[in-house]
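**Student:** Fold the stuff below for me.
(2 chains)
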Amino acid sequence: MRFSGTEEYVSTEDLTLAVNAAITLQRPLLIKGEPGTGKTMLAVQVAKALGVPLLEWHIKSTTKAQQGLYEYDAVSRLRDSQLGDPRVQDIHNYIIKGMLWQAFTQDTPCVLLIDEVDKADIEFPNDLLREIDRMEFYVYETRELIKAKNRPIVFITSNNEKELPDAFLRRCFFHYIRFPEKETMEKIVEVHYPNLKKNLLREALEVFFEIREVPGLKKKPSTSELLDWLKLLLSEDIPPDALRSKDRKTIIPPLHGALLKNEQDVHLFERLVFMTRAKGN
Amino acid sequence: MLIDFFLKLKSHKLPVSIKEYLTLLEALQKGVIGSSVEDFYYLSRTALVKDEANFDKFDRAFSEFWQGVETIPGIEAQIPLEWLLKQAELTLTEEEKKQIEALGGWEKLMETLKKRLEEQKGRHQGGNKWVGTGGTSPYGAYGFNPEGIRIGQDRSRNRRAVKVWDQREYQNLDDSVELGTRNIKVALRRLRRFARKGAPEEFDLENTISSTAKKAYLDIHMRPERRNTVKVLMFLDIGGSMDDHVKLCQEMFSAAKTEFKHLEYYYFHNFLYDFVWKDNRRRHSERTKTWDLLHKYGHDYKIVFVGDATMSPYEILQPGGSIEYFNEEPGAVWMKRVTDVYQKCIWLNPEPEEIWGYRQSVQIVKELMGGRMYPTTIAGLENAMKLLTK
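**Tutor:** So this is what the prediction gives:
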């Protein structure tokens, strides 16, 4: 199995290599990068390209490692026993399989996405060490060992909100998705909007990268925001002239709300535009 | 051969482990990559480096290894131009040399290179240390060398000529802060205090059983989860004599930040007066009154001051003693207010403990803190944390 990007996902050389290394060696791949650079999309696209099922486990601050393995529903068993339900005899009825369990017992290899691992508690990654490493875990309630039939291809994404423990890192491959350069960006846009007018794209990209350069922005617009913005520009049928370079610094680009998602950022940006305009006069 | 590579990375203080090295070998054995160096660079980076902050270090180590250049200590002050030129000559391939020919020859190119180098020197004299290289290595110059070759060339045509690891795109992420934080974290961990607070989300099996048995009907009990509830308010001295301790403070701060859920921090300069600030870039416009802090954060907060307490005694004891503005009340009064409100206060001093006795201001501060001043060694931190948990 080899991955080499898909029709909808532009994968850079280093990213492709990291993915293939992770697939070949059956190690998890940890992906970091600015928000909106396609960390989560990667797992989706790899699953699609390889034609294997995708299992997603989205992590929240309350997620426990155990929930990824299984949960024992003692409460319903207690209730069933009061009601005399025959199901109560079999403990298996009350064990709810988590995402890891499901991934381990798939008949074909699959892609498992552990999304935003840094949102969880600081101990969360440590609790998954053995599961990630040996791809097996023990179910105490039924005394059975669950072992992966086929080692799943594991993708783990992180937004860097918490530092991950060394022991965990050592077991993973790591890739940092850099913010794409203009050339890669053009390719990405091409993939999403193949019929975009060339000059509109050029103007839009320039505006986009200029906005990214504005100092002091709380949240710089990222690839996904650019794509949304282009979609809007297309649907509103904005002519490329509206983004024209001559007075670009003195106008606020149309529909900029798609690029700047933060009230303070919009204010800052507008102030800067007014300042340059005042200087120009 | 790759053992040398591994050791090279180690000597560049990259946190690589044997397990990761074996993984890399396994990947090579399984034929993940072809024979291209670039692929090897990507593969070894993805297998060995687990933090983008270390990418720059890795790039430097990689290019050093790849060129077989030895580190010469002390060379960072000035790069001999000759040396640089030689290196450039050595690293050029036939193809590159031809391209240079096409551009008007070696001479012209070298002139540009020289200009570049002068520019670099100028900046260096201007007092800017080479940010990113951290002043640790001549390979700032090194990365600069192929960069120089790129001058004047058509960028898109020749993008490949500059080797990927020499582009060093990750340089400003290198903070070197993470190296020592693990020990500090372990020390800070003593401060953990678990308590059950908040929404009852966890099923309390024991209580449910006993209560069900008592009442003879199913009586389910839930309880809140155990969480680390310790609250810490940090005051950090910044600027002036603290510049020598910036690295240590950064380490401590980043360790504390990941360790405590409720961590608030403020900066001050030299001593605590009637205001503090949160952002050093906007310290003059965005200040917080110390009174507000005393009212805002509850008594159960634990206070940690970080500072060298080295100043003129007037700065502590006299009104108007602050070196920055006229403070109406002496710093000592403010310190007393803080220690009155919060029972658990400590002062961490990055200066070595032996010299405290020779500095009057340190003695005064120590007295104000009721003797609760600790050095920022691991042992000192542990003692400090013990006191805070009591």
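
**Student:** And chain A, is whichever strand or helix holds B:Ile209 touching that?
**Tutor:** Assigned by DSSP states H and E, B:Ile209 belongs to helix B:205-215. Yes. With Cβ under 8 Å from any Cβ of the partner chain as the criterion, chain A is reached by helix B:205-215 at B:Leu205, B:Thr208, B:Thr212. In short, each C-beta sits where N, CA and C put it, glycine included.

**Student:** Following element in sequence after that helix, please.
**Tutor:** Downstream of helix B:205-215, the next assigned helix or strand under DSSP H and E is strand B:222-228.

**Student:** hang on, the earlier thing: and the helix holding B:Ile209, what does it pack against?
**Tutor:** helix A:74-83 (3 or more Cβ pairs under 8 Å, 6 or more residues apart in numbering or on different chains; DSSP states H and E).

**Student:** among the residues of helix B:205-215 next to chain A, which ones are buried?
**Tutor:** B:Thr208, B:Thr212 (16 or more other Cβ atoms under 10 Å in any protein chain shown).

**Student:** okay if I get the residues of helix B:205-215 next to chain A as JSON lines plus pLDDT?
**Tutor:** Formatted as JSON lines, the residues of helix B:205-215 next to chain A follow (pLDDT from 0 to 100):
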{"residue": "B:Leu205", "pLDDT": "86"}
{"residue": "B:Thr208", "pLDDT": "88"}
{"residue": "B:Thr212", "pLDDT": "87"}
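
**Student:** Disregarding residues adjacent in the polypeptide, which is nearest to whatever residue of the stretch 51-200 of chain B ends up closest to chain A?
**Tutor:** Among all residues of the stretch 51-200 of chain B, B:Glu52 sits closest to chain A, at 4.0 Å; criterion: Cβ to the nearest Cβ. For B:Glu52, ignoring the flanking residues on the chain, the nearest one in space by Cβ to Cβ, 6 or more residues apart in numbering or on different chains is A:Tyr176 at 4.0 Å.

**Student:** Double-check that the one you found belongs to a strand.
**Tutor:** Yes. With DSSP: H, G, I helix; E, B strand; the rest coil as the criterion, A:Tyr176 is part of a strand.

**Student:** Against chain B, how distant is the most centrally placed residue in chain A?
**Tutor:** Centroid-nearest residue in chain A, with Cα atoms, centre = their mean: A:Thr40, separated by 2.1 Å. The gap separating A:Thr40 from chain B is 18 Å, by Cβ to the nearest Cβ, to the nearest Å.

**Student:** now A:Val117
**Tutor:** For A:Val117, the distance to chain B equals 13 Å [Cβ to the nearest Cβ].

**Student:** Tell me how many other residues surround that residue.
**Tutor:** Counted with other Cβ atoms under 10 Å in any protein chain shown, the neighbours of A:Val117 add up to 23.

**Student:** Would you list the phi and psi of B:Met373?
**Tutor:** phi -110, psi 130 (degrees, to the nearest 10).

**Student:** Also B:Tyr265?
**Tutor:** Per-residue torsions, B:Tyr265: phi -140, psi 150 (degrees, to the nearest 10).

**Student:** Next, count neighbours for it.
**Tutor:** The number of residues packed near B:Tyr265 is 16, by other Cβ under 10 Å.

**Student:** Surely it and B:Ile238 touch.
**Tutor:** No. Assessed by Cβ atoms under 8 Å, B:Tyr265 is found out of contact with B:Ile238, at 10.8 Å.

**Student:** what's the angle from the helix holding B:Ile209 to helix A:74-83?
**Tutor:** Calculated by axes from the mean of the first three to the mean of the last three Cα atoms, to 10 degrees, helix B:205-215 forms an angle of 20 degrees with helix A:74-83.

**Student:** List the contacts of whatever helix or strand B:Val333 lives in.
**Tutor:** Assigning secondary structure by DSSP H and E places B:Val333 in helix B:331-341. For helix B:331-341, contacts defined as Cβ atoms under 8 Å, 6 or more residues apart in numbering or on different chains pick out B:271-274, B:290, B:294, B:299, B:303, B:315-317, B:321-322, B:345, B:364-365, B:368-370.

**Student:** By neighbour count, which bits of that helix are buried? Give me those.
**Tutor:** So helix B:331-341, judged by 16+ other Cβ under 10 Å, has buried residues B:Gly331, B:Ala332, B:Val333, B:Trp334, B:Met335, B:Val338, B:Thr339, B:Val341.

**Student:** could the residues you listed be laid out in a markdown table, adding pLDDT?
**Tutor:** Below are the buried residues of helix B:331-341 laid out as a markdown table (pLDDT from 0 to 100):
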| residue | pLDDT |
| --- | --- |
| B:Gly331 | 87 |
| B:Ala332 | 88 |
| B:Val333 | 88 |
| B:Trp334 | 88 |
| B:Met335 | 88 |
| B:Val338 | 89 |
| B:Thr339 | 87 |
| B:Val341 | 86 |
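
**Student:** Would you mind getting the angle between the helix holding B:Ile209 and strand B:222-228?
**Tutor:** 160 degrees.

**Student:** Run through who's touching helix B:205-215.
**Tutor:** Helix B:205-215 is touched from outside by A:Ala74, A:Leu78, B:Leu218, B:Asp219, B:Ile220, B:His221, B:Arg223, with contacts defined as Cβ under 8 Å, 6+ apart.

**Student:** number of nearby residues for the fifth one?
**Tutor:** The reference is to B:Ile220. Residues near B:Ile220, counting by other Cβ under 10 Å, number 15.

**Student:** Report pLDDT for it.
**Tutor:** We have a pLDDT of 85 for B:Ile220.

**Student:** quick one: low-confidence ranges for the chain?
**Tutor:** The chain I'm using is chain A. Chain A contains residues with pLDDT under 70 at A:244-251, A:277, A:279-281.

**Student:** wrong one, chain B
**Tutor:** B:1, B:68-187, B:189-197, B:282.

**Student:** one more time with 50, if that's ok
**Tutor:** Within chain B, the set of residues satisfying pLDDT under 50 comprises B:69-90, B:121-162, B:170-179.

**Student:** Strands along that one, start to end?
**Tutor:** B:194-203, B:222-228, B:231-237, B:262-268, B:275-277, B:287-289, B:302-306, B:345-349, B:373-375 (DSSP state E).
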